[in-house]
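[1] For reference, the sequence and a predicted model appear below.
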Amino acid sequence: MSGLLIDNISMRFDLPNGGSVQALKNVTLDIKSGELLSVLGPSGCGKTTLLNIVAGFLAPTEGQVVVNDHAVKGPGPERGMVFQQGALFEWMTVRENVSFGPDMKKMPRIKSVKIVDRLLEVVGLQDFKDKAVYELSGGMQQRVALARCLANEPDVILMDEPLGALDALTREKMQSLVLDLWKETGKTIILITHSVEEALLLGERLLVMAPRPGRIHKEYRLPFAEMGVGADLRAVKKHPDYAKTREEILAMIWEMEEEIMGRTEESA
Ligand SMILES: Nc1ncnc2c1ncn2[C@@H]1O[C@H](COP(=O)(O)OP(=O)(O)OP(=O)(O)O)[C@@H](O)[C@H]1O
């Protein structure tokens, strides 16, 4: 079966002072192929740790991640990552960046040019192919990062705050782009965000995580991602359930943060 299983993952970091941090405890999640999952939670609840384990950058202390029936042992081409800052090759052109994966795979030039052209069109950068990365705005750089990730033909795209560094307007445009790409490519996407609005708009399934130890606190199934494909996201936000769910999640996270602050003050 294709898809992704996070099977009873726990992660403990040993600290130099002899102590340890339980970053995740018994996290289990079955993600179907083509699902768009957003993950939200207060700072320190283990979002990035979870994503890094799925990416294969970190090995969990317990449990395993299974992708397309294979246990994850490290990074692999079936899982692509998009970071907050594009992590692009600054000295290369847009085309060279997107073409990097296919070139490494020694894909015939004629085929890679076709793929890269198509992807740059999808992300709206067809007129910027030969520009150097440093000549582009932040939003454009994230478009390149998305296209570069897609050029490797991953089954799963892992996004760690991919739009966090963008201004509000660009961010909104990019949210639409992520939804359109999701629909068009049918990829499985896991997106971590600090923004409740973004998690609501982009998660057909939304997880709220809680800290200490990091765990799944609540899960929602939401209609807004489906509604937002090819539509005006501001219209989606006017849906009465959107405001209601937003308030509920904000209160939930607020309460968790208060509790963390309380605990921090007690231990000070
Ligand atoms: N390499 C590490 N060594 C020790 N502790 C770590 C390490 N990486 C993460 N942690 C701890 O694990 C916990 C979870 O961290 P993580 O970065 O995954 O949380 P997060 O939810 O992504 O936070 P944020 O929203 O602030 O990015 C935190 O308490 C963090 O301090």
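    Cool, got the structure.
[2] Kindly provide the distance from residue 197 to residue 157.
    20 Å (CB to CB, to the nearest Å). Bear in mind the C-beta positions are built from the backbone N, C-alpha and C, glycine included.
[3] The two: which is more packed in?
    Comparing residue 197 with residue 157 by other CB atoms under 10 Å, the one with more neighbours is residue 157, at 24 against 18.
[4] Show me what the helix or strand hosting the more buried one is packed against.
    Residue 157 is part of strand 156-160, with elements assigned from DSSP states H and E. Other elements packing on strand 156-160 under the criterion 3 or more CB pairs under 8 Å, 6 or more residues apart in numbering; DSSP states H and E are helix 47-55, strand 79-82, strand 188-192.
[5] buried ones in stretch 15-22?
    Buried residues in stretch 15-22, counted by 16 or more other CB atoms under 10 Å: 21-22.
[6] what residues does the stretch 1-150 of the chain put near the ligand?
    Contact residues (CB under 6 Å from any ligand atom) of the stretch 1-150 of the chain with the ligand: 13, 21, 23, 41, 43-49.
[7] One more pass at 8 Å, please.
    Residues of the stretch 1-150 of the chain found near the ligand (CB under 8 Å from any ligand atom) are 11, 13-15, 21, 23-24, 41-52.
[8] I would like a ChimeraX command selecting only the buried ones among those residues, please.
    Selection of buried members from those for ChimeraX, criterion 16+ other CB under 10 Å:
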select :11,21,23,24,41,42,45,46,47,48,49,50,51,52
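[9] in a helix, that's where residue 251 is, yeah?
    Yes: per DSSP: H, G, I helix; E, B strand; the rest coil, residue 251 lies within a helix segment.
[10] now the protein, which segments are flagged as low pLDDT?
    Low-confidence segments of the chain, defined by pLDDT under 70, span residues 1-2, 86, 264-268.
[11] follow-up on the earlier one: now do the helix or strand following the strand holding residue 157 and strand 188-192, the angle between them.
    The helix or strand immediately downstream of strand 156-160 is helix 168-185, counting by DSSP H and E. Comparing the axes of helix 168-185 and strand 188-192 via axes from the mean of the first three to the mean of the last three CA atoms, to 10 degrees yields an angle of 160 degrees.
[12] If anything else comes up later, I'll come back, but that's it for now.
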